[in-house]
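1. I would like the atomic coordinates for the input below:
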Amino acid sequence: MAPLENPNLEGYHVARAMWLEYYNPKAGTYIAKQKCSGCYNDDKFVVWAVSVADQAIVDAARIYPEFKPLIQPAIAVFQKYKNKHIKGYSAAENSGNDKDIYYDDDAQVCSAMLTAYEVTGDKTYLDQGRELVRFLMGGWNDNPKAVTKGGMHWHISKNLLNSCTTAEVAKACLQISKFIPNEAQVYVEFAAKCIDWQIKVLQDPSDKLIRDGVGEDSDKVDDAKWSYNTGTTLSAASHLYQITKDNKWLNIANELAEAAINHNSFFYDRDFPDNLRYWRDSSYFVQLLIEGLADYLLYVGKDVPQGLPQRIHDEVRRHLIMFYEFMKDPKDGGYIQSFEPHNTYKHVYDQKYHEWFGDGKQWSLKGEDKDSNGNPQKCLMGYGSAARVFFQGARIVPKI
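-> The predicted model follows:
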């Protein structure tokens, strides 16, 4: 396998392979040839997987114009998941009435729509995104009896308040604020309210990472610190700084960026010496961490502290190479969802793991990356996330 040289080109190959493997023009949606991770029933994918796949197609189209004709069919898939009455998108395809709706999923749907508008200029996508942003804003917790005040709900019928929903909805609001100037203040103020809550309630003051969530009927915070929660909050705080120039957001963004590349952080595998530690979350989380770091460098720009851009560059570069070397199947170029070098294809592990990591960890496969017989199995989410790892990573590391 040739070494990784151009992350954008690798993203191109993965996105193209994903489309050819999963998009079914007759059905007008993504179809699995056999049941895999992210499927419900036997062959349909949950809307979260569809949103990541669509984001990958739009990312590809931004760089490679030949992907532009795929945007319309890709974004059209979402309509199969829409609740026509409350305007949210359900986890599964439905007749228009299903209420199994998650605000974080829908925020990623919204991001795909708004980015499609950025890339094409087609106002259809802006209109869809605006309607969805308005729905998302309705997920704010304003229950006067709640123990935990504020924050975005995770699901329309549950009282859990999550960092992923709160930051991703803030991101969507900031994204659309650029396109509708006469409504921009409403969106920016809502995003600021979200990130204020996120920092006050869910940031761990000791390491600056973002914790997972809290119930509105409780003040006991879930201490899990997934990489994407820090990444999406970093995206939003950085964008808020670009818009407002308020140093409050700059300070928050700087702390989050430092935390994201600190080898002692929760989401690094700390079973290794410092120089070998890596992000251990699955690729569908890591892609949003990398996007957060890229957004930070873009939105904060010249105000990023001296030396930090190079450190971020080097950390992302190291991870892109590792992901390419270990999670790519040399047989067909596809990627599973794991980001951990020992949780990979057996032949890849046998060929190179010990050279890179010594006797670090025994080979295994995560449950989400294997079929019922224990063999490696790829899925729509794995392809979409891998493409986005490379496209977002290329914003920081255009060439290896």
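2. Please make it C-alpha for all contacts and neighbour counts, starting now.
-> Fine.
3. Surely G333 and R16 touch.
-> No: assessed by CA atoms under 8 Å, G333 is found out of contact with R16, at 10.9 Å.
4. What is the neighbour count of the nearest residue to G213 once chain neighbours are set aside?
-> In space, and not counting its chain neighbours, G213 is closest to N162: 4.2 Å by CA to CA, 6 or more residues apart in numbering. When neighbours are counted by other CA atoms under 10 Å, N162 registers 26.
5. Do you know the pLDDT at the most centrally placed residue in the chain?
-> In the chain, the centroid-proximal residue (CA atoms, centre = their mean) is L288; its distance is 3.5 Å. L288 is assigned 98 on the pLDDT scale.
6. Which strands or helices does the helix or strand containing it pack on?
-> Element membership for L288 (DSSP states H and E) is helix 283-300. If contacts are counted by 3 or more CA pairs under 8 Å, 6 or more residues apart in numbering; DSSP states H and E, helix 283-300 sits against helix 227-244, helix 247-260, helix 308-327, helix 380-394.
7. closest to K208 out of these?
-> When those are compared by CA to CA, helix 247-260 sits nearest K208, at 6.2 Å.
8. residue boundaries of the helices in this structure?
-> For the chain, the helices defined by DSSP state H cover 7-22, 47-63, 68-76, 103-120, 123-137, 163-177, 184-197, 227-244, 247-260, 283-300, 308-327, 346-357, 380-394.
9. Run through who's touching the third one.
-> The one in question is helix 68-76. 28-29, 54, 57-58, 61, 112-113, 116, 120 (CA atoms under 8 Å, 6 or more residues apart in numbering).
10. List the buried residues of stretch 143-156.
-> 148-156 (16 or more other CA atoms under 10 Å).
11. Sorry, wrong one. I was asking about stretch 211-229.
-> 211-216, 221, 225-229.
12. Compute the first-to-last residue distance for that stretch.
-> 7 Å (CA to CA, to the nearest Å).
13. just to revisit the earlier point, out of the helices of the chain, nearest to W363?
-> Per CA to CA, nearest to W363 of those: helix 346-357, 6.7 Å.
14. name the helices or strands packed onto the closest one?
-> Short answer (3+ CA pairs under 8 Å, 6+ apart): helix 346-357 packs on no helix or strand.
15. Local confidence estimate at S385?
-> On the pLDDT scale, S385 gets 98.
16. no wait, M1
-> Listed pLDDT for M1 reads 87.
17. State the number of residues packed around it.
-> M1 has 10 nearby residues by other CA under 10 Å.
18. Enumerate every residue touching it.
-> P330.
19. ok, it to V316 distance?
-> In this view, M1 and V316 are 21 Å apart by CA to CA.
20. State the pLDDT value of the most far-flung residue of the chain relative to its centre.
-> Most distant residue from the mean C-alpha position of the chain: K145, 32.4 Å away (CA atoms, centre = their mean). pLDDT for K145: 96.
21. Likewise for V214?
-> 98.
22. Tell me who's in contact with the closest residue to it other than its chain neighbours.
-> Leaving aside its sequence neighbours, V214 sits nearest to V221 (CA to CA, 6+ apart; 4.7 Å). Going by CA under 8 Å, 6+ apart, V221 touches 202, 211-215.
23. Give me the subset of the residues you listed that lies in strands.
-> 213-215 (DSSP state E).
24. For P341, state which of these is nearest.
-> G213 (28.6 Å).
25. one step back: going through the contacts of helix 68-76, which ones are buried?
-> Among those, the ones that count as buried by 16+ other CA under 10 Å are 29, 54, 57-58, 61, 112-113, 116, 120.
26. Model confidence for the residue nearest to A92 when sequence neighbours are not counted, exactly?
-> Among residues not flanking A92 along the chain, V46 sits closest, at 5.3 Å (CA to CA, 6+ apart). As predicted, V46 sits at a pLDDT of 98.
27. how many other residues sit next to V46?
-> 20.
28. Hmm, it is touching Y40, no?
-> Yes: taking CA under 8 Å as the definition, V46 is a contact partner of Y40 at 6.7 Å.
29. any common contacting residues for those two?
-> A92.
30. nearest to Y23, of the buried residues of stretch 211-229?
-> Y228 (26.6 Å).
31. correct me, but that closest one touches S283?
-> No: using CA under 8 Å, Y228 is not in contact with S283, being 9.8 Å away.
32. now the residue nearest to G213: how far from D222?
-> Distance from N162 to D222, by CA to CA: 9 Å.
33. Next: E216.
-> Separation of E216 from D222 (CA to CA): 12 Å.
34. before we move on, the earlier item: nearest residue to the residue nearest to the centre of the chain other than its sequence neighbours?
-> L288 sits nearest to Y228 (CA to CA, 6+ apart), 5.2 Å away.
35. Show the pLDDT at that neighbour.
-> Per-residue pLDDT puts Y228 at 98.
36. how close does it sit to D281?
-> 9 Å.
37. got any residues that touch both of the two?
-> Counting by CA under 8 Å, 6+ apart, nothing touches both Y228 and D281.
38. picking up where we left off before, mind listing what the residue nearest to L288 touches?
-> By CA under 8 Å, 6+ apart, the residues touching Y228 are 164, 285-289.
39. which among those gets closest to G374?
-> Among those, and counting by CA to CA, the member closest to G374 is F285, at 23.5 Å.
40. So F266 sits against N229, correct?
-> No: the criterion here is CA under 8 Å, and F266 misses it with N229 at 11.9 Å.
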